[in-house]
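Undergrad: with the sequence up front, the predicted model follows.
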There are 2 protein chains.
Amino acid sequence: MENQITAHEVAKLAGVSQSSVSRVFTKGASVSEKTREKVLKAAEQLGYRPNEYARSLITRKSSLIGLVMKSVSNPFYPHAVKKFTSELKKLGYSVLLIDTDDVELQMQDIDALLSYHVAGVVIMDATASFQTAEMLRRFRIPAVLFNRVVPAAGLHSVSCENESAAREIARLLIDRGCESFTYVGGREGASTHIERRRGFTGELNDKGFTCNVMTGDFTHASGYRAALKMIETNRITDAVFAANDIMAYGIFDAFRERGIRVPEQVKLMGFDDIEMSSWPAYNLSTFVQPVDRMVTLAIELLLYPERSRKADGNVHYLPGEMKLRGTT
Amino acid sequence: MENQITAHEVAKLAGVSQSSVSRVFTKGASVSEKTREKVLKAAEQLGYRPNEYARSLITRKSSLIGLVMKSVSNPFYPHAVKKFTSELKKLGYSVLLIDTDDVELQMQDIDALLSYHVAGVVIMDATASFQTAEMLRRFRIPAVLFNRVVPAAGLHSVSCENESAAREIARLLIDRGCESFTYVGGREGASTHIERRRGFTGELNDKGFTCNVMTGDFTHASGYRAALKMIETNRITDAVFAANDIMAYGIFDAFRERGIRVPEQVKLMGFDDIEMSSWPAYNLSTFVQPVDRMVTLAIELLLYPERSRKADGNVHYLPGEMKLRGTT
DNA sequence: CTGAAAGCGCTTACAG
DNA sequence: CTGAAAGCGCTTACAG
């Protein structure tokens, strides 16, 4: 940073004022074609790039968006992050990544977001949501929740249509002739889990069926444990719906080990459609989250909130679709 | 950013000069205990945070580290990223994430790195390495390669001891009684692939064996295809070593579909030890990369290069260990 | 230890 | 369209 090329040096080489150099690099400013050419040539020659710190300081605008992630073990999130970074780049933003489990560092993470006065924050981590949301609001930094709903936060939030998706799944399993059902949920308090459970059990009840509800935490291990418990307590149902694909793999693995055949004895559905679900080891029937559209909408809500006043409340649900493979 | 609290306002409330406020927030500066208290109290009350843009501008030092990632489909990388972000946070740095496939955006990515004049860059993407490395050198931005070696780049680089690891794997398979061998490699040009192949085939040759070398690209699909080809061309060997875990899963899946039993008929080894390898569906024997130590060393090389002059050349190899599960 | 002042590299009214 | 100048919010010699 010591020997950085400044607009001044470009100006000197191009034989114009520093203001003119600046105008060439600020869109919307008017410069004559001749000046532009001279400046561009000099800039190219020197390898000039406007200093983003000076720019953000004077314009009082940040070109940084904070991405708060936590659960790296579910590929769903890294995949969404990739989509976020490339879409945001197209709009001229860079991404400040916040990605820690460490509770002690959480405060530091928020500090970073505030010190850079980021233009917006995408929160993909339910646990961070509440405290972080409070701070962001206090400092008037726009934020949006991704794949999470926290009603109290008063934030825009983008999710898949979890409830109707789960209803669709219930209907499919009924159509397949299933008569007894288990739902294996995710972490208590996670909105995705709550909505999926509500939809699944709701539809089953509407059709006159009951549902055995079990608790997991979105990990493979918790799915595995749930399945073992079904076996040990002799409550193996015709169908099992897991709140995400990863738990479904755990369930499948346990069944396979114990000789329970999927889909012949038990039909199994996951949720997310992450890459592995198409691998032959699982070949899992699941529900495809519309990740790309979720990302696009999240960005729109974050950066152009005025465009989206029409939504009822702040929660935006996007439709996905079932993807049936070998487990149903 | 319009209504940001500045040091001036804190100074006014605390009844001191703006310089004193600044001193309280710059470590190493001397302030009386009394002043510090007054300032801290006023700052707390107003929710003051030093503006990082102004700070970076005047100190000519960036607190940002660029993380260049590409392959999000291998969980190995997201996992390393998480470790990087938390370790860097402890040192007072934030992470600028660069994570795109889009070639058109690549130039923009580099621009971002340069505009923020980041304190350093970690490159985890082989294809970006060369062009990016050139630019970074030109602008004197320190960079380090992670899990990649690009000799020409003249950069520090941190990897697992791929070659000796592969030799160890060869010896294990020989000990298990295998007499014919296949290596399924990764993308041509990837140093990890090259080193692992060299070690594996080298050790086999030393012991009087040959090795069938096949080509993949680190994806599940390429492993799957390779295995099918082995079957179709009738070249099923006693042992198969895949350059990463994900390809090993693909190989396993193809074998399983075609009724070839692992490990009875074929012994299978992967590399990385990502989370899924411990799941029952694969229960894969593999080689554990020392990710945490690799990250720590990469950061040290990036930020304190003077401490590490002793290394021969710029390439740093760290030892890992075999993890034997059900496929050997 | 403390305050007044210079200056980091930009953008943007303001005159011309 | 263009240049001189002010100012964004800081840090840091420089005096005192």
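TA: Everything's here; your move. Numbering: from 1, shown residues only, chains lettered A, B, ... in the order given.
Undergrad: now do the contacts for the residue nearest the centre of chain A.
TA: Among the residues of chain A, residue A:146 comes closest to the average C-alpha position under CA atoms, centre = their mean, at 4.6 Å. Applying CB atoms under 8 Å, 6 or more residues apart in numbering or on different chains to residue A:146 gives the contacts A:80, A:122-124, A:157-158, A:294-295, A:298. Where you see a C-beta, it was placed from the backbone N, CA and C, and this is true even at glycine.
Undergrad: wait, which of the residues you listed is closest to residue A:249?
TA: Distance to residue A:249 across these (CB to CB) is lowest for residue A:80, with 19.5 Å.
Undergrad: the residue nearest to the centre of chain A and residue A:68: what is the separation?
TA: 9 Å (CB to CB, to the nearest Å).
Undergrad: also residue A:23?
TA: From residue A:23 over to residue A:68 (counting by CB to CB), the distance is 36 Å.
Undergrad: neighbour count: those two, which is higher?
TA: residue A:68 (25 against 19; other CB atoms under 10 Å in any protein chain shown).
Undergrad: which residues does the more buried one bridge with?
TA: With DSSP bridges applied, residue A:68 shows beta-bridge pairing to residue A:98, residue A:123.
Undergrad: tell me, what's the model's pLDDT at it?
TA: The model reports residue A:68 with a pLDDT of 91.
Undergrad: do residue A:294 as well
TA: Looking at residue A:294, the pLDDT reads 97.
Undergrad: residue A:318 is in contact with that one, correct?
TA: Yes - between residue A:294 and residue A:318 a contact is recorded at 5.6 Å, counting by CB atoms under 8 Å.
Undergrad: what touches both of those two?
TA: Common neighbours of residue A:294 and residue A:318 (CB under 8 Å, 6+ apart) are A:158-160.
Undergrad: closest one of those to DNA strand D?
TA: residue A:158 (31.9 Å; CB to the nearest atom of the strand).
Undergrad: any idea how many residues pack against the closest residue in space to residue A:269 that isn't next to it in sequence?
TA: The spatial neighbour of residue A:269 that comes closest, neighbours along the chain excluded (CB to CB, 6 or more residues apart in numbering or on different chains), is residue A:241 at 4.7 Å. Per other CB under 10 Å, the neighbour tally for residue A:241 reads 31.
Undergrad: same question for residue A:73.
TA: For residue A:73, using other CB under 10 Å, the count is 19.
Undergrad: interface residues of chain A facing DNA strand C?
TA: A:4-8, A:18-19, A:22-23, A:25-26, A:29, A:48-51, A:54-55, A:57-59 (CB under 7 Å from any atom of the strand).
Undergrad: so which of those belong to helices?
TA: Among the residues of chain A next to DNA strand C, DSSP state H puts A:7-8, A:18-19, A:22-23, A:25, A:54-55, A:57-59 in helices.
Undergrad: and DNA strand D, which of those contact it?
TA: Answer for those near DNA strand D (CB under 7 Å from any atom of the strand): A:18-19, A:23, A:54, A:57-58.
Undergrad: and the residues you listed as a markdown table, adding pLDDT?
TA: Supplementary listing: these in a markdown table, determined by pLDDT from 0 to 100:
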| residue | pLDDT |
| --- | --- |
| A:18 | 95 |
| A:19 | 95 |
| A:23 | 96 |
| A:54 | 97 |
| A:57 | 96 |
| A:58 | 96 |
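Undergrad: from the residues you listed, pick the one nearest chain B.
TA: Ranked by distance to chain B (CB to the nearest CB), these are led by residue A:57 at 4.3 Å.
Undergrad: just to check, residue A:216 is in contact with residue A:240?
TA: No - contact criterion CB under 8 Å: residue A:216 and residue A:240 do not qualify, at 11.3 Å.
Undergrad: assess the claim that residue A:142 and residue A:118 are in contact.
TA: No - using CB under 8 Å, residue A:142 is not in contact with residue A:118, being 9.1 Å away.
Undergrad: residue boundaries of the helices in the stretch 151-300 of chain A?
TA: Secondary structure of the stretch 151-300 of chain A (DSSP state H, counting those that start in this stretch): helices located at A:162-175, A:191-206, A:220-232, A:245-257, A:291-303.
Undergrad: just to revisit the earlier point, now for residue A:146 and residue A:68: what residues contact both?
TA: Joint contacts of residue A:146 and residue A:68 (CB under 8 Å, 6+ apart) are A:122-124.
Undergrad: buried subset of these as a PyMOL selection?
TA: Buried residues within the shared contacts of residue A:146 and residue A:68, by 16 or more other CB atoms under 10 Å in any protein chain shown, are selected in PyMOL with:
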select buried, chain A and resi 122+123+124
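Undergrad: and which of the shared contacts of residue A:146 and residue A:68 is nearest residue B:221?
TA: Nearest member of those to residue B:221, counting by CB to CB, is residue A:124, at 27.6 Å.
Undergrad: ok now do that closest one, which residues does it touch?
TA: A:67-71, A:77, A:80-81, A:145-148.
Undergrad: which one of those residues is nearest DNA strand D?
TA: The closest of the contacts of residue A:124, once distances to DNA strand D are taken by CB to the nearest atom of the strand, is residue A:68, at 23.1 Å.
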